[in-house]
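Asker: have a look at this prediction, sequence included:
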Amino acid sequence: MPNPDPAPIQVSNHPPAVPPPGHFEPQDGTEVASSVHSSGAAAPTGSGPGHPPSLVRQAWNLATSLADFVADGCKTVTAEQYRQRLEICDGCPHRRNNRCMKCGCRLSLKAQGRAFKCPEGKWPAAVCNQEK
């Protein structure tokens, strides 16, 4: 009878490509900060200003952010709030072009959703564009 939970296959000394469920620590032993989403679940973030999060981490951040966005009714911010969010990002050491190296998101998209939050907590609370 085959084993229902086989161990990941490792090539040479490389770690598995996907960590076990619930495990978000990097394989190289570096510390990673985490943020708490509105759902209350801790979500891992990037490891530093010049390094984007792993693809697994980016997928987690995207999934939880989209869940928050849908739960908020897919509401967007006003044009002024959008501009303000991007101006805040302009001075952040985690910004690289149109990307946040802390969470891995595309800023031009993330800054539009009311439920989306800056992983550093720099964005002020937003008023919904549809409510104005």
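Answerer: Thanks, I have the structure now.
Asker: where along this structure do the strands fall?
Answerer: Using DSSP state E, the strands of the chain run over 34-36, 42-44, 95-96, 99-100.
Asker: please name every helix or strand in contact with the last one.
Answerer: In terms of contacts (3 or more Cβ pairs under 8 Å, 6 or more residues apart in numbering; DSSP states H and E), strand 99-100 is packed against helix 107-110. Heads up, the C-betas are built off the backbone N, CA and C, glycines and all.
Asker: for the record, mean pLDDT for the helix it packs on?
Answerer: Average pLDDT, helix 107-110: 94.
Asker: neighbours of residue 55, how many?
Answerer: The local packing of residue 55 (other Cβ atoms under 10 Å) involves 11 other residues.
Asker: lowest-confidence stretch among the strands of the chain?
Answerer: Taking the mean pLDDT of the strands of the chain, strand 34-36 comes last: a mean of 41.
Asker: what mean pLDDT does the longest helix seen in the chain have?
Answerer: When secondary structure is assigned using DSSP state H, the longest helix within the chain turns out to be helix 55-71. The pLDDT scores in helix 55-71 average 93.
Asker: identify each buried residue in that helix, please.
Answerer: Using 16 or more other Cβ atoms under 10 Å as the test for burial, helix 55-71 gives 57, 58, 60, 61, 64, 65, 68, 69.
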